[in-house]
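# quick one: sequence and predicted model below, then my questions.
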Amino acid sequence: MIELAEKVLMEDMTWKEIEEAIKAGKDTAIVVAGSIEQHGPHLPTSTDTTLGYALAEACAKKLGNALVAPVIRPGLSEHHIGFPGTITLSIDTFVNILYDYCESLVESGFKNIIILSSHGGNSDTIITYTPRIAKVFMDKAKIFAIPTDRYINASIDYLEKKGVSRVKAGVHAGYAETSMMLHVKPQATRMDLAVEGLANEEFYKPERLKISQLESFTYGLKRLTPVGVLGDPRGATAEEGKKLLEITAEKLTEEIKSFLKPSETKSKHKKRSPQ
Ligand SMILES: [Zn+2]
């Protein structure tokens with residue numbers, strides 16, 4: 001029984017274990033939309049999938065009422081095409097997969113489904129399409145999406161306080177992501193090959209970042225950075241990665257908890273606004 005309580009990764013569990021876990025109250029499923037895309041010369045193409053798993057596992061354990069569905073490995077990575085090894089889905093395929101995941105998880109008995117993105121390129125699409133999927137299953141389960149930018153900034157703020165700039169932390173295969181990979185999967189991380197990528201301050205300014213991101217989605221990453229890195233991975237450490245993952249998991253858990261309690265917010269709101 002103790003072992004069952006610790007297990008949260010559905011793909012490592014039997015159907016009986018999953019059934020028992022749901023009956024025991026673990027009726028929230030976390031679905032991570034990751035990616036299979038180039039992550040510079042030093043990180044594997046599965047980086048977003050690996051980190052998505054690590055993050056979701058940490059969150060599920062913090063929540064205590066959640067299991068982690070198998071990570072959706074390829075996501076929307078059109079802007080990384082041109083770097084060998086990148087596999088992208090079309091938006092239609094991606095949305096259909098999200099729908100099929102939700103349908104299967106609802107059939108399994110989950111009452112809450114959280115779709116979160118561990119890859120920025122998936123964020124806009126999960127935010128746009130999840131409400132449509134949620135509507136179909138609204139009588140059986142609550143489904144909501146959390147984009148990357150709802151939880152990633154906490155770790156960037158932490159790094160900035162420690163003297164690591166936003167430019168160095170980066171948004172793709174930079175100091176932040178590389179540190180987390182050194183913590184989670186060091187054997188797949190080649191620090192001897194780590195090089196600086198795009199380190200233009202203008203690109204990473206918080207007020208400019210959305211536009212920078214749209215430019216990279218439109219014209220592809222290769223035009224911005226021939227090595228495929230946004231940021232600077234040099235000097236990344238596993239210790240820092242452990243801390244970053246913890247901060248990110250903490251922030252994400254808070255986000256999930258706030259979504260899981262909408263009725264409380266609603267009733268409070270009613271009392272406050274009599275009109
Ligand atoms: Zn990534």
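On my side now, so go ahead. The structure displayed is predicted, hence computed values, not measured ones.
# where's residue 18 relative to the ion, distance?
From residue 18 over to the ion the distance is 29 Å, taken as C-beta to the ion, to the nearest Å. Using the backbone N, CA and C atoms, a C-beta is placed for each residue, glycine as well.
# which residues touch the residue lying closest to that residue once chain neighbours are set aside?
Using C-beta to C-beta, 6 or more residues apart in numbering and skipping residues adjacent in sequence, the residue nearest residue 18 is residue 10, 6.0 Å away. Residue 10 sits next to 18, 29, 67-70 when contact means C-beta atoms under 8 Å, 6 or more residues apart in numbering.
# shaky segments in the protein?
In the predicted model, the chain carries pLDDT under 70 at residues 1-5, 262-275.
# buried ones in the longest helix along it?
The helix that spans the most residues within the chain, counting by DSSP state H, is helix 238-260. Residues of helix 238-260 classed as buried: 238, 240-241, 243-245, 247-253, 255-256, 259-260 (neighbour count, 16 or more other C-beta atoms under 10 Å).
# helices or strands up against that helix?
Packed against helix 238-260 by the contact rule (3 or more C-beta pairs under 8 Å, 6 or more residues apart in numbering; DSSP states H and E) you find strand 28-33, helix 47-63, strand 112-117, strand 142-146, helix 153-161, helix 175-184.
# kindly recompute the last result at 7 Å.
helix 47-63, helix 153-161, helix 175-184 (3 or more C-beta pairs under 7 Å, 6 or more residues apart in numbering; DSSP states H and E).
# of those helices, which is nearest residue 228?
Each of those has some distance to residue 228 by C-beta to C-beta; the shortest is helix 47-63, at 11.1 Å.
# that older thread, do the longest helix of the chain and the ion meet?
No. Helix 238-260 lies out of reach of the ion by C-beta under 5 Å from the ion, never closer than 12.6 Å.
# what sits against the residue in the chain positioned nearest to the ion?
Of all residues in the chain, residue 48 sits closest to the ion, at 4.2 Å by C-beta to the ion. With contact taken as C-beta atoms under 7 Å, 6 or more residues apart in numbering, residue 48 is in contact with 34-35, 118-119.
# that older thread, which among the contacts of residue 10 end up buried?
Buried among those (16+ other C-beta under 10 Å): 18, 29, 67-69.
# what's the most distant pair in those?
18 and 68 (11.2 Å).
# quick one: residues contacting the most centrally placed residue in the chain.
Centroid-nearest residue in the chain, with C-alpha atoms, centre = their mean: residue 118, separated by 2.0 Å. Residues counted as contacts of residue 118 (C-beta under 7 Å, 6+ apart) are 32, 34, 48, 51-52, 55.
# could you export these as CSV, including distance to residue 93?
Below are those laid out as CSV (distance: C-beta to C-beta, whole Å):
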residue, distance to residue 93
32, 17
34, 15
48, 17
51, 23
52, 18
55, 24
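# most neighbours among the residues you listed, which one is it?
residue 48 (30 neighbours; other C-beta atoms under 10 Å).
# is stretch 52-69 anywhere near the ion?
No. Stretch 52-69 is not in contact with the ion by C-beta under 5 Å from the ion; minimum separation 9.1 Å.
# only the buried residues of that stretch, if you could.
Residues 52-60, 62-63, 66-69 are the ones in stretch 52-69 that count as buried (16+ other C-beta under 10 Å).
# now swap in stretch 226-236 and tell me
For stretch 226-236, using 16+ other C-beta under 10 Å, the buried residues are 227-233, 236.
# rewinding a little: can you redo the helices and strands packed on helix 238-260 as TSV with distance to residue 133?
What follows is the helices and strands packed on helix 238-260, written out as TSV (distance: least, C-beta to C-beta, whole Å):
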stretch	distance to residue 133
helix 47-63	19
helix 153-161	26
helix 175-184	28
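# quick check: the farthest pair among the contacts of residue 48?
Among the contacts of residue 48, the pair separated by the greatest distance (C-beta to C-beta) is 35 and 118, at 7.6 Å.
# circling back: quick check: the residue of the chain closest to the ion vs residue 165, distance?
23 Å (C-beta to C-beta, to the nearest Å).
# isn't residue 43 up against residue 173?
Yes. Residue 43 is within contact range of residue 173, at 5.3 Å (criterion: C-beta atoms under 7 Å).
# quick one on the thing from earlier: from the contacts of residue 118, which is closest to residue 207?
If you rank the contacts of residue 118 by distance to residue 207 using C-beta to C-beta, residue 48 comes first, at 25.2 Å.
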